[in-house]
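Undergrad: Just a sequence and a predicted model for now, questions to come.
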Amino acid sequence: MSNWRQLMPDTRAYLMGKVLYQLHHTEGDLEKYLDDPDAYLNRFGLEPDMARAIRDNDVAEIYKSGVNPYLLRAHCIGVNIPEDESLKALRSVLEENNHNG
């Protein structure tokens with residue numbers, strides 16, 4: 001199962017991955033994000049749907065955008081998304097892919 005909607009990840013996937021990397025690998029950024037997710041995400045010029053997926057912890061949408069799965073996993077751990085919830089979201093993508101051929 002590929003997590004990319006296109007044959008190759010696009011600039012959206014790169015930007016979302018960059019945000020998640022910085023969020024979890026730059027000292028103080030996680031705290032800034034947790035204090036005010038919208039203000040933190042606005043710094044990156046994300047398209048609204050991209051920012052919404054990160055802010056709302058939409059694991060399936062983040063995955064489908066093409067974000068590196070290891071960055072997504074780090075995000076889930078960093079913002080305390082329970083593992084059963086993240087796995088349920090990822091399984092929904094697999095089921096969606098199976099239904100769409």
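TA: Received, thanks. Numbering: from 1, shown residues only.

Undergrad: helices and strands around the lengthiest helix in the chain, which ones?
TA: Identified as the longest helix of the chain according to DSSP state H is helix 83-99. Applying 3 or more C-beta pairs under 8 Å, 6 or more residues apart in numbering; DSSP states H and E, we find helix 83-99 packed against helix 59-64, helix 69-78. Bear in mind the C-beta positions are built from the backbone N, C-alpha and C, glycine included.

Undergrad: let's see it at 7 Å
TA: The contact analysis (3 or more C-beta pairs under 7 Å, 6 or more residues apart in numbering; DSSP states H and E) places helix 83-99 against helix 59-64.

Undergrad: What is the helix it packs on packed up against?
TA: helix 48-55, helix 69-78, helix 83-99.

Undergrad: export those to TSV and tack on mean pLDDT?
TA: Putting the helices and strands packed on helix 59-64 into TSV (pLDDT from 0 to 100) gives the following:
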stretch	mean pLDDT
helix 48-55	96
helix 69-78	93
helix 83-99	87
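
Undergrad: Out of those helices, which gets nearest to N42?
TA: Evaluated over the helices and strands packed on helix 59-64, closeness to N42 peaks at helix 48-55, with 7.5 Å, by C-beta to C-beta.

Undergrad: which residues are contacting the longest helix of the chain?
TA: M1, V59, A60, Y63, K64, C76 (C-beta atoms under 7 Å, 6 or more residues apart in numbering).

Undergrad: hmm, 6 Å instead?
TA: For helix 83-99, contacts defined as C-beta atoms under 6 Å, 6 or more residues apart in numbering pick out M1, V59, A60, Y63, C76.

Undergrad: what's the spacing between the fourth one and C76?
TA: Translated: Y63. 10 Å (C-beta to C-beta, to the nearest Å).

Undergrad: Would you mark the buried spots in stretch 87-101?
TA: A89, L90, V93 (16 or more other C-beta atoms under 10 Å).

Undergrad: got the angle for the helix or strand encompassing R12 vs helix 48-55?
TA: When elements are assigned from DSSP states H and E, R12 belongs to helix 11-25. Here helix 11-25 runs at an angle of 30 degrees relative to helix 48-55 (axes from the mean of the first three to the mean of the last three C-alpha atoms, to 10 degrees).
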